[in-house]
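Participant: Need coordinates for the below:
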Amino acid sequence: MVDVGRAGARPRILYIVPEDETFTTHFLEPARAARAAGFDVMVATFVRHQRHAIEREDFRLLEMPTERASLSLVSLLRSILRLRTILAEERPDLVHALSIRSIVLLGLSGPVGRKYPLLASFTGLGQLWGRAGWAAEMARGFVRLQACWLSRGRTALVSFENEDDRREFPHPADSVIFGGWGIEIGSRRSTKRSGDGPVRVAFLGRMLRSKGLATVVEAVSLARAQEPQIELELWGTPDPGNPTSYTVDELNQLTTIDGVAWMGKAPDIATVWERTDIAILLSESEGMPRALMEAAGYGIPMIATNVPGCRSVVRDGVDGFLVPLNDPVAAAEAIVRLAREPASRNHMGRMARQQFDERFSRDAVVPKILEIYSRLITNRENATLVQLPCDHGSQPILS
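Facilitator: Numbers count the residues shown, from 1 in each chain. Prediction:
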């Protein structure tokens with residue numbers, strides 16, 4: 001446990017997150033650990049469905065006025081003004097801004113946005129880094145400028161989820177890589193599988209074109225031509241705020257394809273992974289794909305595209321296979337190979353679980369996040385953070 005207490009007061013941490021479900025899905029473990037370590041936890045976010053889940057944790061919920069999909073000038077101004085008010089009124093001891101949108105809003109909030117110790121976390125670079133053209137390049141330059149501005153002349157740290165993303169930001173003075181935010185896996189089934197019955201391939205995530213769902217479906221169809229016992233389950237729901245989202249009608253149409261089933265929202269991750277033989281994610285890009293890390297925690301071999309984020313989780317030939325982007329033939333070959341070799345699936349599953357324990361589990365990641373929280377608060381007056389090449393939660397050195 002990291003000692004962050006101060007005489008007469010509990011340190012206050014403010015998480016800035018675009019939407020409530022993003023917080024409850026990805027960032028509960030660090031927040032719970034911060035609370036247990038003595039922090040008062042505040043969460044500034046757009047509230048959609050997770051109000052009670054956040055308040056049940058005894059976190060203070062500070063509502064932001066606009067959802068992440070809203071990019072109108074009026075909406076942005078409302079969000080900036082609200083964030084300025086929150087910072088001025090709450091005066092946190094530490095701010096943890098999560099995602100590009102939160103970091104940009106904090107940068108645009110003016111001097112009050114640079115007043116407090118900061119951990120600015122890029123949780124993937126999203127669609128913006130996948131777009132071409134001068135407008136997209138200008139937007140990327142603006143994001144880089146905001147990150148640089150926030151990190152200069154203050155106790156601040158910029159974090160990324162993989163080395164590919166960090167290379168896109170050459171200028172922040174201090175940076176670190178967190179390989180995810182810590183995942184707690186409960187009891188799980190044995191990774192030993194028999195060769196009987198169907199071989200289930202599962203995708204878990206938002207139903208987005210950018211996640212490579214069309215390639216996944218085509219790859220499974222090709223694989224079924226060789227091994228008819230292969231089945232595909234798609235777990236997740238559309239994301240109306242994302243322009244690459246499938247509609248419900250489109251997803252229902254996918255279920256008419258032989259061997260493909262859209263399962264809808266997963267009640268929990270165990271429901272998905274305890275019935276799965278192969279995890280698949282053929283995204284264009286990721287920050288640190290939580291679904292793959294969860295699959296690793298359940299001892300599932302993985303197939304993923306050789307792109308940023310995915311290649312930080314899947315070790316080709318060790319705990320799964322990496323395939324080229326938009327290559328259903330290569331993905332199908334990997335599926336068939338694993339379907340035909342139960343022993344290989346079991347071995348890769350054991351290797352995946354070992355990596356999970358060492359790199360992605362709550363016990364591996366969260367203590368290092370707490371250490372950075374403590375150092376940022378303790379050294380807020382006159383210390384700077386010195387960059388140290390590090391990976392998967394390793395902390396920087398304070399000078």
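
Participant: Now Arg200: which helix or strand?
Facilitator: In the assignment (DSSP states H and E), Arg200 maps to strand 199-204.

Participant: So which bits of the strand or helix carrying Cys148 are buried?
Facilitator: Assigned by DSSP H and E, Cys148 falls within helix 134-151. Buried residues in helix 134-151, counting neighbours by 16 or more other C-beta atoms under 10 Å, are found at 139-140, 143, 146-148, 150-151. In this view, the C-beta of every residue, glycine as well, is placed from N, C-alpha and C.

Participant: Determine how far the strand holding Arg200 lies from the middle of the whole chain.
Facilitator: On the basis of C-alpha atoms, centre = their mean, to the nearest Å, strand 199-204 sits 20 Å off its chain's mean C-alpha point.

Participant: ok, now stretch 292-308?
Facilitator: Its chain's average C-alpha position is 13 Å from that of stretch 292-308, according to C-alpha atoms, centre = their mean.

Participant: same question, stretch 109-126
Facilitator: Using C-alpha atoms, centre = their mean, the mean C-alpha position of stretch 109-126 is found 17 Å from that of the whole chain.

Participant: ok, now stretch 26-44?
Facilitator: With C-alpha atoms, centre = their mean, you get 17 Å for stretch 26-44.

Participant: Okay, buried residues for it please.
Facilitator: Residues of stretch 26-44 classed as buried: 26-35, 37, 39-44 (neighbour count, 16+ other C-beta under 10 Å).

Participant: sorry, back to before: and the helix holding Cys148, what does it pack onto?
Facilitator: helix 100-108, strand 118-121, strand 156-160 (3 or more C-beta pairs under 8 Å, 6 or more residues apart in numbering; DSSP states H and E).

Participant: got the angle for it vs helix 100-108?
Facilitator: On the basis of axes from the mean of the first three to the mean of the last three C-alpha atoms, to 10 degrees, helix 134-151 is oriented at 60 degrees to helix 100-108.

Participant: coming back round to it: and the strand holding Arg200, what does it pack onto?
Facilitator: Secondary-structure packing of strand 199-204 (3+ C-beta pairs under 8 Å, 6+ apart): helix 213-226, strand 230-235, helix 269-273, strand 278-281, helix 290-297, helix 328-340.

Participant: Pick the most deeply packed of those.
Facilitator: Ranked by mean neighbour count, these are led by strand 278-281 with a mean of 28 (mean count of other C-beta atoms under 10 Å).

Participant: Each with direction, which strands does that one pair with?
Facilitator: strand 199-204 (parallel), strand 302-305 (parallel) (DSSP bridges).

Participant: Which of these has the highest mean neighbour count?
Facilitator: For the strands paired with strand 278-281, the largest average neighbour count (mean count of other C-beta under 10 Å) is found in strand 302-305, namely a mean of 28.

Participant: which residues touch that strand?
Facilitator: Residues from elsewhere that reach strand 302-305, judged by C-beta atoms under 8 Å, 6 or more residues apart in numbering: 201, 212, 278-284, 289, 292, 295-296, 310-311, 313-314, 319-325, 331, 334-335, 338, 348, 352.

Participant: Ala261 against Trp235, yeah?
Facilitator: No: if you go by C-beta atoms under 8 Å, Ala261 and Trp235 don't touch, sitting 9.5 Å apart.

Participant: Run through the stretch 251-399 of the chain and note the low-pLDDT ranges.
Facilitator: The stretch 251-399 of the chain contains residues with pLDDT under 70 at 380-399.

Participant: again, only this time at 80
Facilitator: For the stretch 251-399 of the chain, the stretches flagged by pLDDT under 80 are 379-399.

Participant: now the strands: where do they sit in it?
Facilitator: Counting by DSSP state E, counting those that start in this stretch, the stretch 251-399 of the chain has strands at residues 260-264, 278-281, 302-305, 320-323, 385-386, 397-398.

Participant: what angle separates the longest one from helix 213-226?
Facilitator: With the same axes, to 10 degrees as the criterion, the two stretches strand 260-264 and helix 213-226 enclose an angle of 140 degrees.

Participant: Could I get the contacting residues of the closest residue to Gly287 other than its chain neighbours?
Facilitator: Setting aside the residues directly before and after it, Gly287 is nearest to Gly124 in space (C-beta to C-beta, 6 or more residues apart in numbering), at 2.5 Å. When contacts are counted by C-beta under 8 Å, 6+ apart, Gly124 touches 99, 161, 165, 285-288, 309.

Participant: I'd like those written out as JSON lines, with neighbour count added.
Facilitator: Formatted as JSON lines, the contacts of Gly124 follow (neighbours: other C-beta atoms under 10 Å):
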{"residue": "Ser99", "neighbour count": "22"}
{"residue": "Glu161", "neighbour count": "26"}
{"residue": "Asp165", "neighbour count": "24"}
{"residue": "Ser285", "neighbour count": "21"}
{"residue": "Glu286", "neighbour count": "30"}
{"residue": "Gly287", "neighbour count": "23"}
{"residue": "Met288", "neighbour count": "25"}
{"residue": "Gly309", "neighbour count": "24"}
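
Participant: Output those residues as a markdown table; include the columns distance to Gly186.
Facilitator: Conversion of the contacts of Gly124 to a markdown table gives the following (distance: C-beta to C-beta, whole Å):
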| residue | distance to Gly186 |
| --- | --- |
| Ser99 | 27 |
| Glu161 | 24 |
| Asp165 | 30 |
| Ser285 | 30 |
| Glu286 | 25 |
| Gly287 | 24 |
| Met288 | 21 |
| Gly309 | 25 |
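
Participant: so which of those residues comes closest to Ile269?
Facilitator: Met288 (15.8 Å; C-beta to C-beta).

Participant: what separates the residue lying closest to the closest one once chain neighbours are set aside from Gly299, distance-wise?
Facilitator: Taking C-beta to C-beta, 6+ apart as the measure, Met288 lies nearest to Glu161, with 3.8 Å between them; neighbours along the chain are not counted. Glu161 sits 23 Å away from Gly299, going by C-beta to C-beta, to the nearest Å.

Participant: And Glu250, by the same measure?
Facilitator: Counting by C-beta to C-beta, the gap from Glu250 to Gly299 is 32 Å.

Participant: repeat for Arg12
Facilitator: Arg12 is 39 Å from Gly299, by C-beta to C-beta.

Participant: re the thing from before, residues in contact with the strand holding Arg200?
Facilitator: Residues outside strand 199-204 that contact it (C-beta under 8 Å, 6+ apart) are 211, 213, 216, 220, 227, 229-236, 266, 269, 272-273, 275-281, 291, 294-295, 303, 335, 338-339.

Participant: Having no further points to raise, I will conclude here.
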